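> Generate a structure from the sequence data that follows.
(one chain, ligands or ions: 1)
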Amino acid sequence: MTVASEVHRYSVGDIEVTVLSDGFRMVGLDGFIMNASKEEIAAALGAAGLPTDKSRNTYSPIVLTTGGKRVLFDTGNGEAVFNESKGERGRLQHNLAAAGIDRKAIDVVVISHFHGDHVNGLLTAGNTAAFPNAEIMVPEQEWIFWMDDGEMSRASKGRMTDLFHNNRRVFDALGRKVTRYGWDRDVAPGVTAVGTPGHSIGHTSFVLSSGAERVFVQCDVNNHAVVFSKHPEWHGGFDQDPVAASTTRRRVYDMLVAEKMPVQAYHHPFPGLGRVERDGTGYRVVPVV
Ligand SMILES: [Zn+2]
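Model (predicted):
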């Protein structure tokens, strides 16, 4: 795996986008999709020439240079998992350095939602701030939900309870020093936060806009470039409100097709930039490199 394949740069008008790989993880198909059989999922993967018994989940945070600021969107799995995953994940800091970006030069970190593969990289392996000079911006709706003790006490055991504990671990280590942002407002020059709930209660996407150019940073609206594109109605096992997630997916992808707006995706194959087209009753994401 060469360094060059883990850093990708392009521009949106005056905004410079640097996509940085945080690595990948192979996940089994148990619990991957809740309303399709293993045979249906295998068929969808096989039709795209992919392995039919597991799925490759990739992680691609981006850094924007906009208005003289360096803004990181999501932080990957964190340096703490680099060794335990034998370097498969937790690669963001390594790739930031490879791209010539000093972690101390990150001015703002914008978080899309409070799942571990997006927030854990806020901390170093020693549980200190990984971006010591950055303002940390979080979606208001996510903060309210995950920091609420009542919500935590009512959470189902297992993954949801683990997420509540993990979010407190991460944000407590930062002294809960965050700036909350709302939807439909700018979080950086040329960057508007857009509510795309479902994957999580306050899941947020972003529209990059400069001059005549725009890109939609979807974050986790569509967690698999093939299966959820072809079958937007399928319910992801990691979607907190799968019905809302599916509705959001269709709404966003209809908009991207109508407006011919490229999409930057956190979990699609690196570097995650694509164009959305209609395909039968669903969509197809065509990589743009
Ligand atoms: Zn994710």
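
> quick check: longest helix of the chain.
helix 242-259 (DSSP state H).

> Name the residues of that helix that come out as buried.
Residues Pro242, Ala244, Ala245, Ser246, Thr248, Arg249, Val252, Tyr253, Leu256 are the ones in helix 242-259 that count as buried (16 or more other CB atoms under 10 Å). To be clear about C-beta, it is placed using only N, CA and C from the backbone, and glycine gets the same treatment.

> do it and the ion meet at all?
No: counting by CB under 5 Å from the ion, the ion is not contacted by helix 242-259; separation bottoms out at 12.0 Å.

> got the contact list for that helix?
By CB atoms under 8 Å, 6 or more residues apart in numbering, the residues outside helix 242-259 that reach it are 34-35, 196-199, 203, 205, 214, 216, 218, 221-222, 228-229, 232-236, 239, 261-263, 276-278, 283.

> chain center to that helix, what's the gap?
16 Å (CA atoms, centre = their mean, to the nearest Å).

> now do stretch 72-88
In this view, stretch 72-88 has its centroid 14 Å away from the chain centroid, taken as CA atoms, centre = their mean.

> now do stretch 204-223
Counting by CA atoms, centre = their mean, stretch 204-223 is centred 11 Å from the centre of its parent chain.

> And for stretch 29-48?
In this view, stretch 29-48 has its centroid 22 Å away from the chain centroid, taken as CA atoms, centre = their mean.

> Tell me the buried residues in that stretch?
Buried residues in stretch 29-48, counted by 16+ other CB under 10 Å: Leu29, Phe32, Ile33, Ala36, Ile41, Ala42, Ala44, Leu45.

> again, but for stretch 85-96
Buried-residue list, stretch 85-96, by 16+ other CB under 10 Å: Glu88, Arg89, Gly90, Arg91, Leu92, Gln93, His94, Asn95, Leu96.

> which residue packs closest to the fourth one, ignoring adjacent ones?
Think Arg91. Nearest residue to Arg91 in three dimensions, chain neighbours excluded: Gly23, at 4.3 Å (CB to CB, 6 or more residues apart in numbering).

> One more: the third one?
Using CB to CB, 6+ apart and skipping the chain neighbours, the partner closest in space to Gly90 is Phe82 (3.6 Å).

> Do I have it right that the one you found meets Gly76?
No: between Phe82 and Gly76 there is no contact, the gap being 9.9 Å when judged by CB atoms under 8 Å.

> so what sits against both of those two?
Arg89, Gly90, Arg91.

> Let me have those residues in TSV, extended by pLDDT.
Shown next, in TSV, are the shared contacts of Phe82 and Gly76 (pLDDT from 0 to 100):
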residue	pLDDT
Arg89	97
Gly90	98
Arg91	98
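
> Looks to me like Val187 is in a helix.
No: checked against DSSP: H, G, I helix; E, B strand; the rest coil, Val187 lies outside a helix; its state is strand.

> Need the per-residue pLDDT for it.
pLDDT recorded at Val187 is 98.

> if we can go back for a sec, show me the buried residues of stretch 85-96 that map onto helices.
Counted as lying in helices by DSSP H, out of the buried residues of stretch 85-96, are Leu92, Gln93, His94, Asn95, Leu96.

> that older thread, which one's more surrounded, Phe82 and Gly76?
Gly76 (31 against 21; other CB atoms under 10 Å).

> How about the contacts made by the residue nearest to that one when sequence neighbours are not counted?
The shortest distance from Gly76 to any non-neighbouring residue, by CB to CB, 6+ apart, is to Asp22 (3.0 Å). Going by CB under 8 Å, 6+ apart, Asp22 touches Tyr59, Ser60, Pro61, Gly76, Asn77, Arg89, Gly90, Arg91, Leu92, Asn95, Asp117, Gly121.

> my guess is the first one contacts Gly23, does it?
Yes: A contact is recorded between Tyr59 and Gly23 when judged using CB under 8 Å, the distance being 6.1 Å.

> Can you check which residues contact both of these two?
Counting by CB under 8 Å, 6+ apart, the residues touching both Tyr59 and Gly23 are Gly76, Asn77, Arg89.
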